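Novice: Generate a structure from the sequence data that follows.
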Amino acid sequence: MAGPSAILVVSPDDFLLSQKTKEMLDALVPEENRMFGLEIVDCAVDTVDACVQALRKVQGSLVQQGFFSESKTVWMRDIAFFDSLRLQKSEMLADAIEAFCGWLRDPGIPEGFTLLATSTSIPKTVRFYKTFEFLAKQKTGEIVSVPPPSEKDAIERALEVAKGLGLPLSKPVAAAFVARVGYAPRELVSELEKLAVYTGGKAPTNDDVEAVCTMNAGGEFWDLTDAFGQHDLAKTIKVLHNLYEKRLEPIMLVMQ
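Specialist: Residues are numbered from 1 along each chain as shown. Down below sits the predicted model:
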């Protein structure tokens, strides 16, 4: 049985969205078929004309067979139409979305074509989202919702990323790592890569985590207080440097 021909992937976290999108694309279009089997339409646009043109291009791409390929996936990348109140006031854009969604319903996407739409924010009340809900009920569409990052799954994510990097990370050290760097996926991956380089691929310790990993700005306030209170000049300067790198407002440091 063929899979859905229209897939909407939504996540408020851009890093998790990109990861899920890559996973979906790998399943839909093997790497060796990307040149002729994948077409990307950039939908991160901020003018009415550009939005309308993007919708028309997507629809046109979904009826034009790719060269040397029996199937074709059209990636409607990073839809930003619904984040702008200014754009949402446009009757021209509203008509274009209405026409596009009507076409998705009937006659629908032709056989052999797949639409992959991705976005960090699409209200469930708009016609676009409701169209995908309709298609999902008809078994021709699917909505993939990726939840935002949370503290609860951060340790498991850290262990999974570390495994991919070939870094033998124990669960207790992973917990200390998450407590220090926070649970934002992009920062978590970046700090683990830094930790792997620092340890040379060897199992890191809590001391390694403290030595090389940048603490999230909220927790770093307490780190600064502790370092200053302990008269540890080197650590105080290091924490101040980390906060400076994060472009923290100077007034916040003065208050601290």
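Novice: any low-confidence regions in the stretch 1-150 of the chain?
Specialist: For the stretch 1-150 of the chain, the stretches with pLDDT under 70 are 1-2, 66-69.
Novice: Strands of that one, start to end?
Specialist: Using DSSP state E, counting those that start in this stretch, the strands assigned to the stretch 1-150 of the chain run over residues 6-10, 38-42, 72-77, 113-119, 141-145.
Novice: Start from the N-terminal end of the stretch 151-256 of the chain and give the helices.
Specialist: 151-165, 171-181, 185-199, 206-212, 217-229, 233-245, 250-255 (DSSP state H, counting those that start in this stretch).
Novice: Look at residue 37 and say how many residues are nearby.
Specialist: Residue 37: 19 surrounding residues under other C-beta atoms under 10 Å. Quick note: C-beta positions are derived from backbone N, CA and C, even for glycine.
Novice: follow-up on the earlier one: tabulate the strands of the stretch 1-150 of the chain in TSV, adding columns for distance to residue 30 and mean neighbour count.
Specialist: Below are the strands of the stretch 1-150 of the chain laid out as TSV (distance: least, C-beta to C-beta, whole Å; neighbours: other C-beta atoms under 10 Å):
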stretch	distance to residue 30	mean neighbour count
strand 6-10	17	23
strand 38-42	10	18
strand 72-77	11	23
strand 113-119	13	22
strand 141-145	20	17
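Novice: Any chance of JSON lines for the ones you listed, columns distance to residue 161?
Specialist: JSON lines is the format used below for the strands of the stretch 1-150 of the chain (distance: least, C-beta to C-beta, whole Å):
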{"stretch": "strand 6-10", "distance to residue 161": "20"}
{"stretch": "strand 38-42", "distance to residue 161": "26"}
{"stretch": "strand 72-77", "distance to residue 161": "24"}
{"stretch": "strand 113-119", "distance to residue 161": "22"}
{"stretch": "strand 141-145", "distance to residue 161": "21"}
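Novice: any idea how far the residue of the chain most remote from its centre lies from residue 35?
Specialist: Relative to the centre of the chain, the most outlying C-alpha is that of residue 231, 41.2 Å out, by C-alpha atoms, centre = their mean. The gap separating residue 231 from residue 35 is 62 Å, by C-beta to C-beta, to the nearest Å.
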